[in-house]
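Q: quick one, what's the 3D model for this:
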Amino acid sequence: MLPYFFEVYGNPSSSHHFGRQAEMATESARESISRVLNCSPEEIVFTSGGSESDNLALRGAALSPRKTGKHLVTSPLEHEAIGKTVDQLVETLGYTASRLRVDTYGSIQPDDLSGACQPETRIVSVMYANNEVGTIQPLAQLSAITRVKDVLFHTDAVQAGGQLTLDVQALGVDLLSLSAHKFYGPKGVGVLYIRKGIDLLPSQTGGSHESNRRAGTHNTPGIVGMARALELAYEEFDHWTAQYRSRRDQLIEGVLSHVDGARLTGHPDQRLPSHASFVIEGVESNTLLMHLDMKGVAASSGSACKTGNPEPSGVLLALGYSEDEALGSLRLTVGRQTTEADIDYTVMVLVEAVEKVRRLRQVRVS
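A: Residues are numbered from 1 along each chain as shown. Model (predicted):
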């Protein structure tokens, strides 16, 4: 990325030499990303991250003049970039929305999607892998249904970047969102894959950037860094995902074996390689997170976007957990730097923190 902060500083949309150098970098990045996604470079649109990609996909499809109907289908597990966009369309523009039922693992059944699609349905948006409980959805089965129904299918694949296949042909999706920082790229840059032939109403207007699909001067260093990070993630995919699974399984086994009242949330097998999530009886998550943080363990309760919010996770409520259970949620993830010793330390610290939080709670109650 460094040369594009200083040496190659031209605007990729300019016709002079400096601009053409930057354009070559952004177009090379586009080709690199398209190879990972198994699509054509023209189907890649650069954005500021996952939230913008989700907004452009959902709102752009809902408002496109090429389609009719005002019905949307999504799930109760979606990131707020989808959930709040759906709510806005319903509340301000008269759309209707169906949220699919999920089982206790957070999985969506294809038959439920088939029943939810109506003649008026514009788009279905289902998250590839959930950020709170790690559950992976059967995208190929779900997208096969939407093709038969002639409905667009979008997936928020932000959590899946670097950990699951992003082959859009195998997944069968029409639109797919990514954010670079989830696969060790820079923050503030992302991608929306748009299958050829799909017209979206741009949510950001101005210049003719990205073939008139997203106005704004390109973030050349971010785009270059994102493409290289994605290349590395998939060049070394087997190695890192195997290591993630090994560390994750060690973590899950350690927590379930040593923390009384801990239960795994999400699917036991069909979950992100790096992801472990629990509900822990008799603790309040925010207090637990504070104690873990003081010991150097970075954890979250529910979605990272809800940290500090005492409300129970809507995702866990949708999975059938009670409000008290949902208030005791904990999410831990492993990464490239995580060692077996880190896992052992985390389990030890968690055991101590849970005991301390429970004692404090008993004191307050008495």
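
Q: ok now the lowest-mean-pLDDT helix or strand in the chain, how far from the chain's centre?
A: The weakest-scoring helix or strand in the chain, judged by mean pLDDT, DSSP states H and E, is helix 209-212 (a mean of 83). Computed by C-alpha atoms, centre = their mean, to the nearest Å, the chain-centroid distance of helix 209-212 equals 25 Å.

Q: over to stretch 86-105?
A: 18 Å.

Q: repeat that for stretch 357-366.
A: Taking C-alpha atoms, centre = their mean, one finds stretch 357-366 lying 36 Å from the centre of the chain it belongs to.

Q: list the buried residues for the helix or strand encompassing Asp293?
A: Element membership for Asp293 (DSSP states H and E) is helix 285-294. Under the neighbour-count criterion of 16 or more other C-beta atoms under 10 Å, helix 285-294 has 285, 288-289, 291-292 buried. C-beta: built from backbone N, CA, C; applies to glycine.

Q: looking at the residues you listed, which is nearest Gly207?
A: Using C-beta to C-beta, Leu289 is the member of the buried residues of helix 285-294 that lies nearest Gly207, at 43.2 Å.

Q: from what I can see that closest one touches Ala299, true?
A: Yes - if you go by C-beta atoms under 8 Å, Leu289 and Ala299 touch, sitting 5.6 Å apart.

Q: list the helices and strands the lengthiest helix in the chain packs on?
A: Of all the segments assigned as helix in the chain under DSSP state H, the longest by residue count is helix 340-365. Packing partners of helix 340-365 (3 or more C-beta pairs under 8 Å, 6 or more residues apart in numbering; DSSP states H and E): helix 237-258, helix 285-294.

Q: try it again with 10 Å
A: Helix 340-365 is packed against helix 237-258, strand 262-264, strand 275-280, helix 285-294, strand 329-333, with contacts defined by 3 or more C-beta pairs under 10 Å, 6 or more residues apart in numbering; DSSP states H and E.

Q: could you list the domains of this structure?
A: 3-235, 237-360 (automatic domain parsing).

Q: quick one: contacts for Gly190?
A: 45-54, 56, 158, 161, 177-182, 222-223, 226 (C-beta atoms under 10 Å, 6 or more residues apart in numbering).

Q: follow-up on the earlier one: got the helices and strands packed on helix 340-365 as CSV, with mean pLDDT and distance to Thr104 columns?
A: Formatted as CSV, the helices and strands packed on helix 340-365 follow (pLDDT from 0 to 100; distance: least, C-beta to C-beta, whole Å):
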stretch, mean pLDDT, distance to Thr104
helix 237-258, 98, 17
strand 262-264, 97, 11
strand 275-280, 97, 12
helix 285-294, 95, 20
strand 329-333, 96, 15
